[in-house]
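Enquirer: need coordinates for the following:
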Amino acid sequence: MLDILKYGGFAVNSVDTKKISWKQGLAIALGVPVLILPSIGYFASYVWAFAIIIWLLSILQGFIQNTAYGELALMYPTVSGLPGFAQKVFKGKSSNDYDAGKFIGGFSAWGYWFAWNPVLAIFSLLIGKYLHALIPVASHVPESVVSIAAGLFIFILLIIINWKGLSGGAAAGNVLALLSLTPLLVISIVPVLKGQFHLSNITKSIFPDDWSFDIRHFFIFLGIMAMAQWSACAWETAAVYAPDYKDPGRDLPKALFSCGGICIITFFIVQTACTGTLGIKGILEDTDSPMLSMAKLSFGDIGAMIAVIMLIAAMVLIIQTALLGSSKAMQSMAKEGNLPKIFAKTNKHDTPYIAMLSIAALNMILIYSGTPSAVLAASALGYVVANGISLFAYVKAKTEHKGGKKINGFSAPDWWKYAALVCGILNLPFYFTGLLIINSLDFGVTHSLIGIVVLLIYIPLWLYSKKENMI
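Expert: As a prediction, this is how the structure comes out:
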């Protein structure tokens, strides 16, 4: 491989010192199981015990989508992550060709950024809440101040860790990966061992009594699937770094299937354990944090405190994943001329520091406001847009790819493009419509409109970038 590859007019370092193992790629994505935390009670409130099946279906969809993304990453090894695929496939003949294809690719990247970016603020706020309840001294300080201090500390720490590039972030992920999975699994398994788990809590509560398979509930189901995708399919980070693996042909499948397997086991165990132990009634009494109820039930207050500390470590890991993903998204958009050029700047370690610092600053504002719920309620809309367009890009690239040979030792079967096409259509328009409906039911029409407005803000940014690059 060449020491320097040209990408969109920018030099991208591609030396062997950047290469990572499949275990490091796995570690980067292992914060994903933590994304189940805000949805355990929410899903149960709609579909009761069937939420267990929702997670299984969603992760199976993730296998289809993420395998496609892994192949795309090898087709375009100089592209920066999932946001870059659609930009590369749909763009015109040159980087200055501002046609409909370039706009569509950039819009996909913007949706991906919109999906990942709020994770930093959301989990920083949650960490602040836990610390406020856990530390006696912190209880005398306003919760908002604790959240701001926690967020500032975490952002500075992660920026320092990631300053030297992807391998540094992956190394941190190796340390935190164990901490992310241990509390989820231990809190879920102990009630089973202590006889507190009752299968009847599941078998007698598959669906709510008023559930019916009419058109309204069909779109509610689609909305829940879209929200589940935001959590359960987010391990695409193990795929999009395929060109950075030492041996992509071997490392990519290992990272993909290992991460997917861990996710399907973890999501299944956690939702099943909560439902079987607490029952639907118990979950609905504490929809925001049923895992804490599980911890107190099994370990008492002291055990619950230990579990909270470990959950905080897990939240730091998912913030790490979000920081990497969203900064890569901004860098990719800027390289393609879909955002101002300044966001493409990197340090000597090829870290997009301007994008990273900007994201941290924006999330500090969200933490300070204390009301990220409007963005959170709509962020899944961005993920749906990103997945839908990226899957259509995969179908186009797979169809146009000549020779049918394996790329760097890996290639999905030709029929995979049809499976990806089905998933793309599910995202756009079906999941998107389901999200609008379920968001309107829970948060009001205003929250859905806010999400749409944030997506549409991309238009003036893109037009500015067009003017900047056409000068």
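Enquirer: what about the nearest residue to residue 129 once chain neighbours are set aside, distance to residue 127?
Expert: Spatial nearest neighbour of residue 129, chain neighbours left out: residue 143 (6.5 Å); criterion: CB to CB, 6 or more residues apart in numbering. Where C-beta positions appear, they are placed from N, C-alpha and C, glycine not excepted. Plainly put, residue 143 is 11 Å away from residue 127 if you go by CB to CB, to the nearest Å.
Enquirer: the two: which has the busier surroundings?
Expert: Neighbours per residue (other CB atoms under 10 Å) separate residue 143 from residue 127, with residue 127 holding more: 23 against 16.
Enquirer: enumerate every residue touching that one.
Expert: 147, 150-151, 154, 312, 315-316 (CB atoms under 8 Å, 6 or more residues apart in numbering).
Enquirer: ranges for the helices of the stretch 351-471 of the chain?
Expert: Ranges of helices in the stretch 351-471 of the chain, per DSSP state H, counting those that start in this stretch, are 353-369, 373-400, 416-425, 432-443, 445-456, 458-470.
Enquirer: rewinding a little: I'd like the contacts of residue 127 laid out as TSV, including secondary structure, distance to residue 359 and neighbour count.
Expert: Output for the contacts of residue 127, formatted as TSV (DSSP: H, G, I helix; E, B strand; the rest coil; distance: CB to CB, whole Å; neighbours: other CB atoms under 10 Å):
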residue	secondary structure	distance to residue 359	neighbour count
147	helix	17	22
150	helix	17	25
151	helix	12	24
154	helix	13	22
312	helix	21	19
315	helix	17	24
316	helix	16	23
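Enquirer: nearest to residue 194, of the residues you listed?
Expert: residue 312 (24.7 Å; CB to CB).
Enquirer: could you find the closest non-adjacent residue to the closest one?
Expert: residue 127 (5.3 Å).
Enquirer: next, give phi and psi for that neighbour.
Expert: phi -60, psi -40 (degrees, to the nearest 10).
Enquirer: buried residues in stretch 251-266?
Expert: Neighbour counts over stretch 251-266 (16 or more other CB atoms under 10 Å) mark 251-256, 258-260, 262-264, 266 as buried.
Enquirer: same question for stretch 133-150.
Expert: 138, 143, 146-150.
Enquirer: same deal with stretch 328-341?
Expert: 328-340.
Enquirer: and it, end to end?
Expert: 14 Å (CA to CA, to the nearest Å).
Enquirer: please apply the same query to stretch 34-52.
Expert: Terminal-residue distance, stretch 34-52 (CA to CA): 16 Å.
Enquirer: pull out the buried positions in that stretch.
Expert: 34-44, 46-52.
Enquirer: again with stretch 216-233
Expert: So, applying 16+ other CB under 10 Å, buried residues of stretch 216-233: 217, 219-233.
Enquirer: what's it in contact with?
Expert: Against stretch 216-233 from outside (CB under 8 Å, 6+ apart): 32, 35-36, 39, 42-43, 46-47, 54-55, 57-59, 61-62, 65-66, 115, 211, 263, 267, 379-380, 383-384, 387, 426-427, 430-439, 441.
Enquirer: check contacts around residue 346.
Expert: Taking CB under 8 Å, 6+ apart, one finds 331, 352-353 in contact with residue 346.
Enquirer: 7 Å instead?
Expert: 352-353 (CB atoms under 7 Å, 6 or more residues apart in numbering).
Enquirer: over to it. Which of the three states is it?
Expert: Under DSSP: H, G, I helix; E, B strand; the rest coil, the three-state class of residue 346 is coil.
Enquirer: for the one 3 residues further on, same thing?
Expert: Per three-state DSSP, the secondary structure class of residue 349 is coil.
Enquirer: could you measure from it over to residue 164?
Expert: 5 Å.
Enquirer: can I have the buried ones of the contacts of stretch 216-233 as a PyMOL selection?
Expert: Selection of the buried residues among the contacts of stretch 216-233 in PyMOL, burial being defined by 16+ other CB under 10 Å:
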select buried, resi 32+35+36+39+42+43+46+47+54+55+58+59+61+62+65+66+115+263+267+379+380+383+384+387+426+427+430+431+432+434+435+436+437+438+439
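Enquirer: so where's this structure shaky on pLDDT?
Expert: Along the chain, segments meeting pLDDT under 70 span 1-18, 80-81, 92-96, 165-180, 369-377, 402-406, 471.
Enquirer: give the contact list for the most centrally placed residue in it.
Expert: Nearest to the mean C-alpha position of the chain, counting by CA atoms, centre = their mean, stands residue 234 at 3.9 Å. Each residue near residue 234 by CB under 7 Å, 6+ apart is listed here: 32, 35.
Enquirer: quick check: phi and psi on it?
Expert: According to degrees, to the nearest 10, residue 234 has phi -70, psi 0.
Enquirer: same thing with the one 10 residues further on?
Expert: With angles defined as degrees, to the nearest 10, residue 244 shows backbone torsions of phi -90, psi -10.
Enquirer: can you give me the neighbour number for it?
Expert: Residue 244, neighbours per other CB under 10 Å, totals 21.
Enquirer: how about the nearest residue to it, chain neighbours excluded?
Expert: Nearest-residue entry for residue 244: residue 20, 5.4 Å, with adjacent residues in sequence omitted and distances by CB to CB, 6+ apart.
Enquirer: cool, residue 260 as well?
Expert: Using CB to CB, 6+ apart, the closest residue to residue 260 is residue 63 (5.3 Å).
Enquirer: state the distance from that neighbour to residue 239.
Expert: From residue 63 to residue 239 the distance is 10 Å (CB to CB).
Enquirer: ok, the two, which is more surrounded?
Expert: residue 239 (27 against 18).
Enquirer: which residues touch that one?
Expert: Contacts of residue 239 (CB under 7 Å, 6+ apart): 66, 69-70, 73, 252, 256.
Enquirer: could you redo the last one with a cut-off of 8 Å?
Expert: By CB under 8 Å, 6+ apart, the contact set of residue 239 is 66-67, 69-70, 73, 252, 255-256.
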